[in-house]
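The amino acid sequence is not available; the structure is as follows:
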């Protein structure tokens, strides 16, 4: 507010202020008696003189000096004070006439009379008109007084006559009896005490009125000089303070008025008791004085009320203005923010779903912003109302109202414009989607027309009618004129959208061209049948029907691998392969099939991209709408104590997941939109980043528990209301878990439509990797539930498998009774197979809901894999196998739920033991090479196991492939011709090596222990199992020579310990666990064997075989022996356990 505005405002109440000041000045300038009754109250009470209220014949006030024996003892100061006070009471007019003194000395002596008269004459402060003295009544004193007065007349010479009266009746000749008190023979009603009270009250009231006037004048000055503040808080404070002072002033005035009214009633009390009585002149003067003061006080109060009303109106209007200005600033800031936000809505969408989503976002934004717009319009109306109420700041309010109205209209217009563009985009994308759908349906139609049926006239005509009928639907679905599209949708045609429109139009033209070609072909076929020739269905000699055709699949003798491949019948319509009359027909059919598969791949890719975008937006919505709001000070009051500082628990690493998908994965996926069959590479390149889901899933139980405790918190309800979500937060917290499982479904779908494409192997590997991540996530959820394990589970290596089993124990060193009981009473144990140990835990079901109902596992014991052996089959039960420890000192009979689960576990344990055995073997050979560096090396490097092993180690380091892979042992030279040629697989060894990678640490725990010299020990009697801790070598001579040289043929049966399911050129495809019989020994470390399972024969590396030593009464067992009869053991289980470290734990649950 400017100073000129304040000056104009002050002029409105300046007149009222002058009126108030005049009223208060009149009161304040009234003379108040220097002496008050209250000041000399004790002197007045002596009553040596009093003002009775009587008047002389000319109205002169009468002062009476009653008979007071101690008059001479009254101090001069007191006498002077009383005289001064009594003479000040009558009005100036009455006092100007002069006072009449009545001195009553009837009971006194002449000497006292003389002294009294002389003292009064000398000290009386006012004009005297007459002095009347009642001389002593005694004869002697009267005589003395007459004589003395005659002879001493000069002593009594005064300005006024002094009359000596002998009796009261003589007094009545000078003053009427009605003006004299009763003690002087008069009828005047006078009470000195009452008179004194009235005088004290009247003077106090006069003083109160004067003080009230001073207070009002001071307060009025303060109000008049107050400058209007510039903010709401200060204005409110000033208004509140002034109101409090006004209330206090009004209270003081009310008390003063009540006091004056009470005094007035007291003065009139005699009249109230007896109407016949009348007030004397002094009483009438007192009444007049009080009435005058009351009138002035009422007048001052009225002036103050009017002044205050104006001042209050000024402050209230100022407060209204400050509120309006503050609200204006807030509303304008919010409208500016909305304008900036709407300016960011520049995207028109790149698909129909995206455009719908943007339109939904715009609608949601408009709904959320409606409150701010409505507030702005309401504020504008409020300003107009202030103007109508004649507010003093009209020139300041009106421009702000116009600005608010303009901003609201501008925002509404901008939203309408954005809505129009998005509706245009929605319309265009709907047209494009309809065109693409029409094209896809056309391609499906072409692919689904069986060519063999079209050879007849009826079939050709039916197909032709079907095509013509479909083409008629194009008027509603296809793009008619490209230029019209450019013209109608020019405002939204970005470069990307323009390219998309052109691609759709090109696709539409291509599809129509395909239809026209098919239409022309069918017309020819239909026209052929009109000739008078017996119709014969064409039977090309080059085409034969497959002996066992699958539904919808035909094979030809030419190019059977490509033209005879079957199309998948999935969620989309399948296309059947066509049979045509010639090579051109077959090429056309193959092209149409490929086009159909390409369309299906695009559908899957679009679904992947659309769901990925929605997923990213949902994560962002949760992070901004919930997680960020937990740090918002304005929302803190809605958080319960249980949610304080629990954001990381509730949301886990969702922010990390969001940044990965938003910044990296989604952008990389968009690069594969034109080549969806290669999208597997995108997954493989980012497979390590997907490990972040394991952390999220591990935190999920804690998050679920916290949500159940605080789900009814007002904070979540408020956030859900703001976001306009129909589902609560827990549904969105489940999105990452659902998303990671969705990928494998989409990859499976993509793989089915990409069998013969370039990226098929990458898709297969990506699918396997995603499934591995899901398994790792699932396993980690079980791992975190283990309780009671003192060590670090991560030290045990990767978790390979986990599951529940029935377990029997049989310990040689145990108590006999325990051994007997153990065979009949199984323990329910949950086993965790790691790379370096197997853990036995007891599963405990927990009470609760959701994740809290998930089981926990109490740790019981663990076995070090370096000292473990297995027996695959236990007599009498196909679901049982044995895990034995330390040369069968401890035997655990494991019963799986199904034979399949047992086979999977046995296979995985065998892989671990094989990996450890190979690592120990390589370490032993490396040590032997170092010891025999002075000996000559073999001539052929291709036959040297040490070099092969060295090459395997190098490959393990560089490519992280399995050291037991066939690649490391198969020579690059030509293989010897087998008695019967086997089949070769087209798959390269590189791909298979990577596919069957053993993801475990090949180095055993006790690698250093293998360098220790051990004496041969006699094998245990019942040692019918196989363990990586037992490795025979060929002979003592071979050991002295460093163990270098080709492996010698030993007749008998062997077991395959290394997987090679597809094999290589001239090699036999085998699996770990297959039983083979050696037929002949070849060169380069290869043996020709017969697979006893499949009856197939072929070459395999000798290093991948493990000889069967014996058959136990309970099972067929595995052995790691590589020596012939009589070979010595390098180390048995107990010595290996000693050198490699004992079991991790031996606790029995």
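Arrived safely, thanks for sending. The structure displayed is predicted, hence computed values, not measured ones. Residues are numbered from 1 along each chain as shown.

make it CA atoms for all contacts and neighbour counts henceforth
Noted.

Paired strands for the one helix or strand residue 130 maps to, with orientation please.
Per DSSP states H and E: residue 130 is located in strand 128-134. If you go by DSSP bridges, strand 128-134 pairs up with strand 99-104 (parallel), strand 162-165 (parallel).

Deepest in the core, which of these is it.
strand 99-104 (a mean of 23; mean count of other CA atoms under 10 Å).

Could you chop the protein up by domain?
57-175, 345-493, 594-780, 788-927 (the TED database).

got those as a markdown table, with mean pLDDT columns?
A markdown table is the format used below for the domains of the chain (pLDDT from 0 to 100):
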| stretch | mean pLDDT |
| --- | --- |
| domain 57-175 | 79 |
| domain 345-493 | 86 |
| domain 594-780 | 90 |
| domain 788-927 | 83 |
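
where along the stretch 401-550 of the chain do the helices fall?
Per DSSP state H, counting those that start in this stretch, the stretch 401-550 of the chain carries helices over the ranges 457-472, 474-477, 482-488, 495-528.

and residue 729, which of those is closest to it?
helix 495-528 (35.3 Å; CA to CA).

Show me what counts as buried in that closest one.
Buried residues in helix 495-528, counting neighbours by 16 or more other CA atoms under 10 Å, are found at 497-498, 500-501, 504-505, 507-508, 511-512, 514-515, 518-519, 522-523, 525-526.

How far does that helix sit from its chain's centre?
Distance of helix 495-528 from its chain centroid, counting by CA atoms, centre = their mean, to the nearest Å, is 52 Å.

One more: stretch 167-179?
For stretch 167-179, the distance to the chain centre is 106 Å (CA atoms, centre = their mean).

Mind putting the strands paired with strand 128-134 into a markdown table with distance to residue 483?
Formatted as a markdown table, these follow (distance: least, CA to CA, whole Å):
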| stretch | distance to residue 483 |
| --- | --- |
| strand 99-104 | 125 |
| strand 162-165 | 137 |
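
closest to residue 772 out of those?
Nearest of the strands paired with strand 128-134 to residue 772, taken as CA to CA: strand 99-104 at 128.8 Å.

and the following helix or strand past that closest one, what does it pack onto?
Using DSSP H and E, the helix or strand that follows strand 99-104 in sequence is helix 110-123. Here helix 110-123 touches helix 139-151, going by 3 or more CA pairs under 8 Å, 6 or more residues apart in numbering; DSSP states H and E.

Residue 703: neighbour count?
22 (other CA atoms under 10 Å).

quick one: which helix or strand includes it?
Going by DSSP H and E, residue 703 is in helix 692-710.

got a list of contacts for that helix?
Residues outside helix 692-710 that contact it (CA atoms under 8 Å, 6 or more residues apart in numbering): 640, 642-643, 649-654, 656-657, 730, 736-737, 740, 773, 776-777, 780-781, 784, 850-852.

cutoff 6 Å now
Helix 692-710 is contacted by residues 649-650, 652-653, 777, 781, 851 when judged by CA atoms under 6 Å, 6 or more residues apart in numbering.

And stretch 1091-1102, by the same measure?
So stretch 1091-1102 is contacted by 982, 1067-1068, 1075-1076, 1085-1090 (CA under 6 Å, 6+ apart).

Would you mind checking the average pLDDT for it?
When pLDDT is averaged over stretch 1091-1102, the result is 80.

Please identify the buried residues of it?
1091, 1096-1102.

gap between the two ends of stretch 715-734?
With CA to CA, to the nearest Å as the measure, stretch 715-734 spans 19 Å from end to end.

ok, longest strand in the chain?
Ranked by residue count, the top strand of the chain under DSSP state E comes out as strand 799-811.

sorry, back to before: so can I have CSV of the contacts of stretch 1091-1102 showing distance to residue 756, secondary structure and neighbour count?
Formatted as CSV, these follow (distance: CA to CA, whole Å; DSSP: H, G, I helix; E, B strand; the rest coil; neighbours: other CA atoms under 10 Å):
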residue, distance to residue 756, secondary structure, neighbour count
982, 25, coil, 16
1067, 25, strand, 25
1068, 25, coil, 25
1075, 34, strand, 22
1076, 34, strand, 25
1085, 36, coil, 23
1086, 34, strand, 26
1087, 35, strand, 25
1088, 34, strand, 24
1089, 33, strand, 25
1090, 33, strand, 21
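
buried stuff in the one helix or strand residue 218 maps to?
For residue 218, the element it lies in under DSSP H and E is helix 192-225. Residues of helix 192-225 classed as buried: 195-196, 198-214, 216-217, 219-220, 223-224 (neighbour count, 16+ other CA under 10 Å).

Show me how far it is from its chain's centre.
Relative to its chain's centre, helix 192-225 lies at 67 Å (CA atoms, centre = their mean).

Show residues contacting the longest strand of the chain.
Contact with strand 799-811 is made by 819, 822-823, 826-834, 889-896, as judged by CA under 6 Å, 6+ apart.

switch the cut-off to 8 Å
The contact list for strand 799-811 (CA under 8 Å, 6+ apart) reads 776, 779, 819, 822-835, 888-897, 905, 908.

Could you tell me which of those belong to strands?
Per DSSP E, the contacts of strand 799-811 map to strands at 827-834, 890-895.

Any of these buried? List them.
Taking 16+ other CA under 10 Å as the criterion, what is buried in these is 828-834, 890-895.

Present those as CSV; the columns should include distance to residue 87.
Shown next, in CSV, are those (distance: CA to CA, whole Å):
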residue, distance to residue 87
828, 124
829, 123
830, 121
831, 123
832, 122
833, 125
834, 123
890, 134
891, 135
892, 133
893, 134
894, 132
895, 132
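
if we can go back for a sec, so which of the helices of the stretch 401-550 of the chain comes closest to residue 856?
Of all these, it is helix 495-528 that lies closest to residue 856, at 53.7 Å by CA to CA.

Which one, of the domains of the chain, ends up nearest to residue 298?
Of all the domains of the chain, it is domain 57-175 that lies closest to residue 298, at 23.7 Å by CA to CA.

how long is the closest one end to end?
Span of domain 57-175 from end to end, CA to CA: 7 Å.

doesn't residue 638 make contact with residue 629?
No: with contacts counted by CA atoms under 8 Å, residue 629 stays clear of residue 638, the gap being 10.4 Å.

measure residue 282 to residue 93 for me?
Noted for residue 282: a distance of 13 Å to residue 93, by CA to CA.

Between these two, which is the more surrounded one?
Legend: neighbour count by other CA under 10 Å for residue 282 and residue 93, higher for residue 282 (19 against 10).

before we move on, back to that, can you put the domains of the chain in a markdown table and add distance to residue 260?
A markdown table is the format used below for the domains of the chain (distance: least, CA to CA, whole Å):
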| stretch | distance to residue 260 |
| --- | --- |
| domain 57-175 | 18 |
| domain 345-493 | 41 |
| domain 594-780 | 58 |
| domain 788-927 | 83 |
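
So which of those is nearest residue 268?
Residue 268 lies closest to domain 57-175 among the domains of the chain, at 18.7 Å (CA to CA).

ok now the closest one, how far from the chain's centre?
103 Å.

Residue 1054 in helix, strand or coil?
Reducing the assignment at residue 1054 to three states with DSSP: H, G, I helix; E, B strand; the rest coil gives strand.
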